[in-house]
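Trainee: Make a model of this:
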Amino acid sequence: MYDLLSVGAHPDDVEVGSGGVLIDLSKRGYRCGVVILTQGEMGTGGNAGVRQKEVEKAAGILGADIVATYDWGDTKLIDSYNKRLELAAIIRRCRPRVVLAPYPHVGHGRRQSHPDHVAAGVIAINAAHLASLKKVDVPGEPHLITRIFHYFLPPGVTPNFVVDITPHFDRWIEALSAHESQFLNPEKSRDYIENLTAMARSFGLQARCKYGQGFYAVEPVLVKDIMSLGEE
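Mentor: Here you go, the predicted model:
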């Protein structure tokens, strides 16, 4: 049984988009799992074997379990019924309350979103639906997740909630740095750690904290105590 599953298209997606949240939940006693849909073999640095080792190192830092890693084709990931069934089986087995996945409601392209991210979000939404249906041919008992929230928001999409990761910022950077082939690769001209720090700072500024991770809830979030929203 897991409290939360975070789904990523590539080996470092979960860390980038939700790593600080996973660290926070782990420290507070929640059980979190990671599902990765491709091996990231098309990345500029490393290869499938190197990236798998980096995933394992990063997961230890996050305090999360690697529930499943698929080989569904880096840069070739597409939504299909069979992929939905595979992920639905994972959801039934893990029975999470919350699923995190990339934002799918957008076209893909360099200024929008990586097509694999879009596909991962679509697969996750459809798999969560199938996991809840009694007559679907998926192992395990039907399971209805409580909510699905999205990360990797494209330009023009503002998060409708931000999680404060300030207390866990250093550990989050440590988890990102575990992906040496991607974020500490001297062959790359960009300083990815600096860029990701700026992103976390931007989300934090929007929510009045130092560092944050932004998410989008397609459905309205139910609030039982409106005064809880006024807490610092």
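Trainee: So for stretch 107-123, first residue to last residue, what's the gap.
Mentor: 15 Å (CA to CA, to the nearest Å).
Trainee: what comes up buried for the helix-or-strand element of the chain with minimal mean pLDDT?
Mentor: Here the helix or strand of the chain ranked lowest by mean pLDDT, DSSP states H and E is helix 180-183, holding a mean of 93. Neighbour counts over helix 180-183 (16 or more other CB atoms under 10 Å) mark 181, 182, 183 as buried. (C-beta placed from N, C-alpha, C; glycine too.)
Trainee: For residue 92, state which of the residues you listed is nearest.
Mentor: Nearest to residue 92 among these: residue 182, at 31.8 Å, using CB to CB.
Trainee: Could you measure from the closest one over to residue 97?
Mentor: Note on residue 182: its distance to residue 97, by CB to CB, to the nearest Å, is 30 Å.
Trainee: Check residue 151 too.
Mentor: Distance of residue 151 to residue 97, computed by CB to CB: 17 Å.
Trainee: For those two, indicate the residue with more neighbours.
Mentor: residue 151 (25 against 15; other CB atoms under 10 Å).
Trainee: follow-up on the earlier one: for the buried residues of helix 180-183, give me a markdown table that also has distance to residue 52.
Mentor: Output for the buried residues of helix 180-183, formatted as a markdown table (distance: CB to CB, whole Å):
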| residue | distance to residue 52 |
| --- | --- |
| 181 | 11 |
| 182 | 13 |
| 183 | 16 |
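Trainee: Can you measure across stretch 174-187, start residue to end residue?
Mentor: Using CA to CA, one end of stretch 174-187 lies 20 Å from the other.
Trainee: quick one: which helix or strand includes residue 67?
Mentor: When elements are assigned from DSSP states H and E, residue 67 belongs to strand 65-69.
Trainee: Quick check: which ranges of this protein have low pLDDT?
Mentor: Scanning the chain for pLDDT under 70 picks out the ranges 108-111, 232.
Trainee: what about the strands in it?
Mentor: With DSSP state E as the criterion, the chain has strands at 4-8, 32-36, 65-69, 98-102, 147-151, 161-164, 212-215.
Trainee: Determine which stretch of those is the most buried.
Mentor: Highest mean neighbour count among the strands of the chain (mean count of other CB atoms under 10 Å): strand 4-8, with a mean of 28.
Trainee: ok, residues contacting that strand?
Mentor: For strand 4-8, contacts defined as CB atoms under 8 Å, 6 or more residues apart in numbering pick out 14, 17-18, 21-22, 25, 30-37, 64, 67, 87, 90-91, 94, 96-102, 120, 123-124.
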